[in-house]
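In: How does the following fold in three dimensions:
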Amino acid sequence: MVKSLQEVRCCVTLQTYFIVKTLFHHYKVETSRKKD
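Out: Next up, the predicted model:
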């Protein structure tokens, strides 16, 4: 059940993208809250 290196890399890249996206969203929400 070993996937090809390209598949694994694609999967990891997608997961990283979503994590960064979520963190960035929370960061923006927090900074906008502090302004008020």
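
In: what's the spacing between the residue nearest the centre of the chain and Glu30?
Out: Centroid-nearest residue in the chain: Ile19, 2.2 Å away (criterion: C-alpha atoms, centre = their mean). Going from Ile19 to Glu30 by C-beta to C-beta, to the nearest Å gives 16 Å. Every C-beta, even on glycine, is put in place using the N, C-alpha and C of the backbone.

In: cool, Lys3 as well?
Out: Distance of Lys3 to Glu30, computed by C-beta to C-beta: 36 Å.

In: can you list the weak-confidence ranges in this protein?
Out: Within the chain, the segments meeting pLDDT under 70 span 1, 36.

In: neighbours around Gln6, how many?
Out: Using other C-beta atoms under 10 Å, Gln6 has 8 neighbouring residues.

In: buried ones in the host helix or strand of it?
Out: Using DSSP states H and E, Gln6 sits within helix 5-35. Of all the residues in helix 5-35, not one is buried under the rule 16 or more other C-beta atoms under 10 Å.

In: Cool, thanks, signing off.
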